[in-house]
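Trainee: Turn this into a model:
(one chain, ligands or ions: 2)
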Amino acid sequence: MDSMPKMEELIAELNRYNYHYYTLDEPVVSDKEYDALYDQLVALEQESGVVLPDSPTQRVGGEILKGFTPHRHLAPLWSLDKAQNPEQLRSWNARAVKLMNDYNTKNPDTPLPPLGYALELKFDGLTLNLTYTDGKLVQASTRGSGIVGEGILAQVKTIKSVPLQIPFTNGTIEVQGEGIMNLSVLAKYNEMAAEPLKNARNAAAGALRNLNPKVTAERKLSAFFYNVGYTDGIRFANHQEMMNFLRENYFKVNPYVTYFDEFDDVMEQLAEIEAGRSKLDYLIDGAVVKITDMRTREVLGYTDKFPRWSVAYKFEAEETTTVLKAVIWNVGRTGKVTPLAKVEPVELAGVTVQNCTLNNAGDIERKNLKFALGSRVFIRRSNDVIPEILGKVTEEKDGEEIIFPDHCPACGFPLVQRGAHLFCDNKLGCKPQIVARISHFASRDAMDIETFSDKTAIQLHDGLEVRESADLYTLKFDQLMKLERFGEKKANNLLEAIEKSKEKDLASFLYALGIPNTGKATTRMLADHFRDLHKIMDATAEELIELPDVGGIVAESIVAFFADPFTRAAIDKMLSLGVQAKAPAEPAIVKTDSFFSGKTVVLTGTLHQLTRDEAASRLQALGANVTGSVSKKTDLVIAGEKAGSKLAKAKQLGIDTIESEDEFLKLLSGEQGV
Ligand SMILES: NC(=O)c1ccc[n+]([C@@H]2O[C@H](COP(=O)([O-])OP(=O)(O)OC[C@H]3O[C@@H](n4cnc5c(N)ncnc54)[C@H](O)[C@@H]3O)[C@@H](O)[C@H]2O)c1
Ligand SMILES: [Zn+2]
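Mentor: Ligands and ions are numbered 1, 2, ... in the order given. All right, here's what the predicted structure looks like:
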């Protein structure tokens, strides 16, 4: 079979994608799709034994952009060999072992040491090459073709962690790393940006290859360094020595670098890295295995494109592209009308994706998706959450318009826009809202009405005109018997369960009401703090914001919820029908002579042996006043793990702090005599 035409076709297609990816930093296909085509080309080249001259399998990177001064690297920069699965990784290792054995057979007097491996994360950003002469940063460049890159010194200088001066002053060195944009920084940037960035990799690459360093600075980039590519004054015996050199010279080195003697242990560790991937604040697309011994590296050498002593293990892709087919609008429990995208089914991270979130109407406009129906879009799925549409592949308005509804798709009521969201305010006439509200009210964590389901809510709505949760408490046996599939037993069970729910505590009742933006932990805290439903209903935003874990949005949501006459009427009705919403039991007598008595205390960060609520109530029992924000009035800040701005502020104000959970627990139990 003549594979030539197919090879030519693949090469043309891949080179076009390379241009968009490497030169423009605006890919038009996902890495997953690119890799699949690339692998096809590699297979055809192996099968036929022919490699055409402009094949991307023989070249590193892309063209140099006009406007940047070219920089000739002192030693070439390489791409990485890739393994997509454990078998490919094993065969990479088998090849390395064979090359080592061949060498040892030929050189019995100077054998290579047994193979040792370094395992690192594979950061997904832009390769950086920094040149230092006599300790001074004199150039920074992109990888470019691997031989010549683009000089981007001014841009790289905006990365705060890049050292401008290093202790090593003995000649010239070149150091390689990856310029990245942290995901938290990207999220923050996108909150404010008129045009959100689709992906952290392109955001970093596009910023570093922007002729205006001010643009680079705005993106607040970071970098990890992992290689010394060239030195004329120092040699390293192995990877460990090289990494120590980087650390001693103030380069930011990723904390995750692990060394192994056994290849099987490397394989095992990879699964662990992949499982922890979504907790990282930066993108990785795999892990890199490197043979540690430098002499072995020299012996194994390089192909035209990559070193034989290293391999990238690619993780399951998190992004791909697909076609946006339709947008449907759903009405939720609070009346919020949210868009859900229907996409052409596509495999991603082990599942077939058909639905994606679009968040809200405002998001559709910001992401330039208003005219995207029928167009190709990038989607991303991380963790196990429903995938998200990141943006359109091309910038042109080449699709059909997504029409925003002006009337509720369920009940026809005119919609109102609040912030970026559309709402249907027809609380008592909009079926999906009613059903969702009542189902939530009855759910396990709320009023826990046994045997109640969405189906029950629908039946009660359709058959008995139940329109709000309060109506549940007026239901009669005879009425229920009229419903389909309701027998005596079922009707009695439901009535009993409803009756029992009247005794539920205040925290569960608050949660059952479904206050927007307010979860279970918050309603429990509100119940513990106020101990009285009416006090909560009358609390002001200023009061609420003082409480632990209550921010501005939550405080406003609570106040607005209870200000609504609909809510007030429903609560009055339920109370008059026997719902108790009982306050939690009074705490033990408050101590006045403990270490904590009379002190205003702030809890921040994560505690491991207590929840923050538990800690707060134990502190209150010892006479402390627990508040949410640090001010001059604060006496003590107790900081768990990952405490951030509150701890910093406390230190700034010279407030006492306890920064060890053990010490805190010791004080607590000492005072309580436990
Ligand atoms: N979507 C597209 O259109 C498109 C086009 C071209 C390439 N790509 C993607 O890029 C990949 C090919 O890229 P490549 O060959 O330029 O290189 P690569 O990114 O696969 O591997 C080499 C690079 O890895 C980086 N790296 C990150 N962490 C590292 C570490 N710890 N140690 C060493 N290097 C590390 C370095 O910058 C190095 O240059 C493809 O697999 C594809 O996924 C996508
Ligand atoms: Zn409606």
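Trainee: drop to CA atoms for contacts and neighbour counts, all remaining ones
Mentor: Noted.
Trainee: List the residues that contact the residue most central in space within the chain.
Mentor: In the chain, the residue lying closest to the centroid (Cα atoms, centre = their mean) is S278, at 6.2 Å. By Cα atoms under 8 Å, 6 or more residues apart in numbering, the residues touching S278 are S382, N383.
Trainee: what's the spacing between it and K32?
Mentor: Relative to K32, S278 is positioned 18 Å away (Cα to Cα, to the nearest Å).
Trainee: Then I64?
Mentor: Relative to K32, I64 is positioned 25 Å away (Cα to Cα).
Trainee: who has more neighbours, these two?
Mentor: Higher neighbour count among I64 and K32: I64, with 20 against 16, using other Cα atoms under 10 Å.
Trainee: How about the contacts made by that one?
Mentor: Listed by Cα under 8 Å, 6+ apart, the contact partners of I64 are T23, P70, G144, S145, G149, E150.
Trainee: give me the number of residues near the fifth one?
Mentor: Okay, so that is G149. G149 - counted by other Cα under 10 Å - has 26 other residues nearby.
Trainee: SS state for T216?
Mentor: At T216, secondary structure determined by DSSP: H, G, I helix; E, B strand; the rest coil is helix.
Trainee: Identify those among the contacts of I64 that sit within strands.
Mentor: Residues of the contacts of I64 located in strands (DSSP state E): P70, G149, E150.
Trainee: now the residues you listed in CSV, with distance to ligand 1?
Mentor: Converted to CSV, the ones in strands among the contacts of I64 look like this (distance: Cα to the nearest ligand atom, whole Å):
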residue, distance to ligand 1
P70, 17
G149, 12
E150, 14
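Trainee: need those residues in TSV with distance to L428, can you?
Mentor: Formatted as TSV, these follow (distance: Cα to Cα, whole Å):
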residue	distance to L428
P70	68
G149	65
E150	63
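Trainee: tell me which of these is nearest to ligand 2?
Mentor: Nearest to ligand 2 among the ones in strands among the contacts of I64: E150, at 56.2 Å, using Cα to the ion.
Trainee: quick one, what contacts the closest one?
Mentor: Counting by Cα under 8 Å, 6+ apart, E150 touches I64, L65, F68, T69, P70, H71, S141, T142, R143, G144.
Trainee: Quick check on the residues you listed: which are buried?
Mentor: I64, L65, F68, P70, H71, S141, T142, R143, G144 (16 or more other Cα atoms under 10 Å).
Trainee: Excluding residues flanking it in the chain, which one is nearest the fourth one?
Mentor: Okay, so that is P70. Leaving aside its chain neighbours, P70 sits nearest to E150 (4.7 Å; criterion: Cα to Cα, 6 or more residues apart in numbering).
Trainee: Just the pLDDT for the one you found.
Mentor: For E150, the model assigns a pLDDT of 97.
Trainee: how far away is it from T142?
Mentor: As judged by Cα to Cα, E150 and T142 stand 5 Å apart.
Trainee: can you check W92 too?
Mentor: Applying Cα to Cα to W92 and T142 gives a distance of 28 Å.
Trainee: ok, now M525?
Mentor: Between M525 and T142 the distance is 52 Å, computed by Cα to Cα.
Trainee: got it, and D39?
Mentor: 25 Å.
Trainee: burial count for the nearest residue to N625 once chain neighbours are set aside?
Mentor: Among residues not flanking N625 along the chain, T600 sits closest, at 4.7 Å (Cα to Cα, 6+ apart). By other Cα under 10 Å, 20 other residues sit near T600.
Trainee: And T600, its phi and psi?
Mentor: With angles defined as degrees, to the nearest 10, T600 sits at phi -90, psi 120.
Trainee: Can you check the pLDDT for I589?
Mentor: Confidence at I589, expressed as pLDDT, is 70.
Trainee: Which residues are in contact with it?
Mentor: I589 neighbours (Cα under 8 Å, 6+ apart): A621.
Trainee: host element of it?
Mentor: Taking DSSP states H and E as the definition, one finds I589 inside no helix or strand.
Trainee: Look up how far L622 lies from it.
Mentor: In terms of Cα to Cα, I589 sits 9 Å off from L622.
Trainee: show me where the stretch 401-550 of the chain has strands.
Mentor: Assigned strands in the stretch 401-550 of the chain, in chain order: 416-418, 421-423 (criterion: DSSP state E, counting those that start in this stretch).
Trainee: could you say what helices and strands the last one packs with?
Mentor: In other words, strand 421-423. Helices and strands touching strand 421-423, by 3 or more Cα pairs under 8 Å, 6 or more residues apart in numbering; DSSP states H and E, are strand 336-348, helix 361-366, strand 416-418.
Trainee: if you look at it, does any of it touch ligand 2?
Mentor: No. Remark: strand 421-423 sits outside contact range of ligand 2, by Cα under 5 Å from the ion, the gap being at least 8.1 Å.
Trainee: Centre of the chain to that strand, how far?
Mentor: Distance of strand 421-423 from its chain centroid, counting by Cα atoms, centre = their mean, to the nearest Å, is 25 Å.
Trainee: Name the strands paired with it and say parallel or antiparallel.
Mentor: Strand 421-423 pairs in its sheet with strand 336-348 (antiparallel), strand 416-418 (antiparallel), by DSSP bridges.
Trainee: Run through who's touching that strand.
Mentor: G335, K336, V337, T338, N360, A361, G362, L415, V416, Q417.
Trainee: what about stretch 523-541, average pLDDT?
Mentor: Rounded mean pLDDT across stretch 523-541 is 94.
Trainee: Which residue ranges of the stretch 401-550 of the chain form helices?
Mentor: Ranges of helices in the stretch 401-550 of the chain, per DSSP state H, counting those that start in this stretch, are 431-442, 454-464, 477-481, 488-501, 506-513, 520-530, 533-538, 541-545.
Trainee: Any idea which of these gets closest to ligand 2?
Mentor: Among those, helix 431-442 sits nearest to ligand 2 (Cα to the ion), with 7.1 Å.
Trainee: quick one, the closest one and helix 506-513 angle?
Mentor: 170 degrees (axes from the mean of the first three to the mean of the last three Cα atoms, to 10 degrees).
Trainee: so what does helix 431-442 touch, helix or strand wise?
Mentor: Looks like helix 431-442 contacts helix 454-464, helix 506-513 (3+ Cα pairs under 8 Å, 6+ apart).
Trainee: The helix or strand harbouring Y313: partners in the sheet, and parallel or antiparallel?
Mentor: In the assignment (DSSP H and E), Y313 maps to strand 310-314. Strand pairing for strand 310-314, using DSSP bridges, gives strand 82-83 (parallel), strand 284-291 (antiparallel).
Trainee: any residues touching it, and which ones?
Mentor: Residues outside strand 310-314 that contact it (Cα under 8 Å, 6+ apart): 80-85, 89, 92, 122, 285-291.
Trainee: now that strand, how far from the centre of its chain.
Mentor: 23 Å.
Trainee: Stretch 600-619 now?
Mentor: 26 Å.
Trainee: Can I get that stretch as PDB, trimmed to CA atoms?
Mentor: Listed in PDB are the C-alpha atoms of stretch 600-619, where the atom choice follows Å, rounded to 0.1, in the frame of the first residue of the first chain:
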ATOM      1  CA  THR A 600     -11.800  38.100  70.700                       C
ATOM      2  CA  VAL A 601     -10.600  35.200  68.700                       C
ATOM      3  CA  VAL A 602     -10.400  34.600  64.900                       C
ATOM      4  CA  LEU A 603     -10.000  31.100  63.500                       C
ATOM      5  CA  THR A 604      -8.400  30.700  60.100                       C
ATOM      6  CA  GLY A 605      -6.900  28.000  57.900                       C
ATOM      7  CA  THR A 606      -7.600  24.300  58.100                       C
ATOM      8  CA  LEU A 607      -7.700  22.300  61.300                       C
ATOM      9  CA  HIS A 608      -7.400  18.600  61.100                       C
ATOM     10  CA  GLN A 609      -8.700  17.300  64.400                       C
ATOM     11  CA  LEU A 610     -11.700  19.500  64.800                       C
ATOM     12  CA  THR A 611     -14.000  21.200  62.400                       C
ATOM     13  CA  ARG A 612     -13.800  25.000  62.600                       C
ATOM     14  CA  ASP A 613     -17.400  25.000  64.000                       C
ATOM     15  CA  GLU A 614     -16.400  22.600  66.800                       C
ATOM     16  CA  ALA A 615     -13.400  24.700  67.600                       C
ATOM     17  CA  ALA A 616     -15.500  27.800  67.600                       C
ATOM     18  CA  SER A 617     -18.100  26.400  70.000                       C
ATOM     19  CA  ARG A 618     -15.400  25.100  72.300                       C
ATOM     20  CA  LEU A 619     -13.800  28.500  72.400                       C
END
